[in-house]
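Q: generate coordinates for the sequence data below:
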Amino acid sequence: MKKIILLSGPTASGKSKLALNLAKKIKGEIINADSMQVYKEFKILSSRPSKTDTNRIKHHLYGFLSVKNHFSAGEWLLLTKKKISSILKKNKIPIIVGGTGLYFNAVTKGISKIPQIDKELRKKIRDLHNKLGQKRFYAKLLKKDPNSKNHISPTDPQRSMRAYEVKIFTKKSLFEWASNTRSDFLDFDMRKIYLDFPKEELLKNISKRTDFMFKKKCINEVKNFRKYKIDKSLSANKIIGVREISDYLDSRITLDEAQNLIKIRTRQYAKRQNTWSRGHMTTWKKLYSKDFSVLLKKVLKEIT
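A: From the prediction side, this is the model:
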């Protein structure tokens, strides 16, 4: 069977480093499964792999998309399928690495074959969302599609708009479409690894990484991003650090406050990733070791 390695874990758990070392050992190539590392304008804030790393091992789907673009899990899956095919043709092993649960769900469980939504309708729905705000828009969504209440958080504008447009365009709930899906990789040998780091160690890593981002002048990334004046509903606005650094640039908070808020939001995000893994990644192998070489051996044992 054709083999694929899936490597996930919370932010700042060292997934990129592990994937790189893994790829060297098993003749692999790396495919990005982090929804924020796709954007070319955010290298520092999204913690994209360095040029040194990408020169050593072939990396795919990193920094290829402008922040001006909408990008869905479905679009990511289409690109990923092509990358997997081309990597396998070279007799190499695809290693999919990242922290975006929806991307991994797309691989392991499939994605709904929803018809392409009309661009004009999408724009109308985004304009409606801007006019109403998330709270009123969400209430409107629940009237159209009550099933959304069990699946979409009241504070999630992206998924709210997606559910609304699917219901309007197809007359079927997004979740009716979802119930009829299956993975495109059922005939693959899929090895699924989740890095299960203790909370204390993760908090230290998050703090160190945030400090490093500021040394690398992540503020300049946000300054440049603000010049684009992109639609507030686009995903790039969600990158942790954009809001906090913007508030600092607008003199609403100090630099220290911005830095601390980024650490807090990153910790909250890591907690959500771990919660997601407990609910959606029950068949994944959870691995951890403080010693990197021991962790690498554990992962190699699982995948070979």
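Q: now Gln158. Its backbone dihedrals?
A: With angles defined as degrees, to the nearest 10, Gln158 shows backbone torsions of phi -60, psi -50.
Q: now swap in Phe169 and tell me
A: Note on Phe169: its backbone torsions stand at phi -80, psi -40 [degrees, to the nearest 10].
Q: quick one: the strands in the stretch 51-200 of the chain?
A: Counting by DSSP state E, counting those that start in this stretch, residue ranges of the strands within the stretch 51-200 of the chain are 59-60, 93-97, 189-195.
Q: hey, which of these is tucked in deepest?
A: Of all the strands of the stretch 51-200 of the chain, strand 93-97 has the most neighbours on average by mean count of other C-beta atoms under 10 Å, namely a mean of 24. In this view, the C-beta of every residue, glycine as well, is placed from N, C-alpha and C.
Q: so it versus strand 189-195, what angle?
A: Note on geometry: by axes from the mean of the first three to the mean of the last three C-alpha atoms, to 10 degrees, strand 93-97 and strand 189-195 are set 30 degrees apart in direction.
Q: before we move on, back to that, make TSV out of the strands of the stretch 51-200 of the chain and add mean pLDDT.
A: Output for the strands of the stretch 51-200 of the chain, formatted as TSV (pLDDT from 0 to 100):
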stretch	mean pLDDT
strand 59-60	98
strand 93-97	98
strand 189-195	97
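Q: any chance of CSV for those strands, columns distance to Asn147?
A: Compiled in CSV, these are given as follows (distance: least, C-beta to C-beta, whole Å):
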stretch, distance to Asn147
strand 59-60, 35
strand 93-97, 30
strand 189-195, 28
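Q: what sits against Ile206?
A: For Ile206, the set of contacting residues under the criterion of C-beta atoms under 8 Å, 6 or more residues apart in numbering consists of Thr11, Ala12, Lys263, Thr266, Arg267, Ala270.
Q: what about the fourth one, how many residues nearby?
A: Using other C-beta atoms under 10 Å, Thr266 is surrounded by 23 other residues.
Q: nearest spatial neighbour of it, chain-adjacent residues omitted?
A: In space, Thr266 comes closest to Ile206 once its chain neighbours are excluded; the distance is 4.8 Å by C-beta to C-beta, 6 or more residues apart in numbering.
Q: so how far is Tyr269 from that neighbour?
A: The span separating Ile206 from Tyr269 equals 9 Å under the rule C-beta to C-beta, to the nearest Å.
Q: overlap in contacts, the two.
A: Once C-beta under 8 Å, 6+ apart is applied, the residues that Ile206 and Tyr269 both contact turn out to be Thr11.
Q: circling back: nearest to Ala33, of the strands of the stretch 51-200 of the chain?
A: strand 93-97 (5.0 Å; C-beta to C-beta).
Q: pull the residues that contact that closest one.
A: Contacts with strand 93-97, where a contact means C-beta under 8 Å, 6+ apart, come from 3-8, 15-16, 18-19, 22-23, 26-34, 80, 83-84, 87-88, 103-104, 107.
Q: now, of those residues, which are buried?
A: The neighbour count (16 or more other C-beta atoms under 10 Å) marks 3-8, 15-16, 18-19, 22-23, 26, 28-34, 80, 83-84, 87-88, 103-104, 107 as buried among the contacts of strand 93-97.
Q: on that earlier part again, the residue nearest to Thr266 and Val242: what is the separation?
A: In this view, Ile206 and Val242 are 17 Å apart by C-beta to C-beta.
Q: the residue nearest to Thr266 should be in a helix, yeah?
A: Yes: according to DSSP: H, G, I helix; E, B strand; the rest coil, the state of Ile206 is that of a helix.
Q: what's the pLDDT at it?
A: In the prediction, the pLDDT value recorded for Ile206 is 98.
Q: and what of His70?
A: For His70, the model assigns a pLDDT of 86.
Q: next one: Gln158
A: We note a pLDDT of 88 for Gln158 in this prediction.
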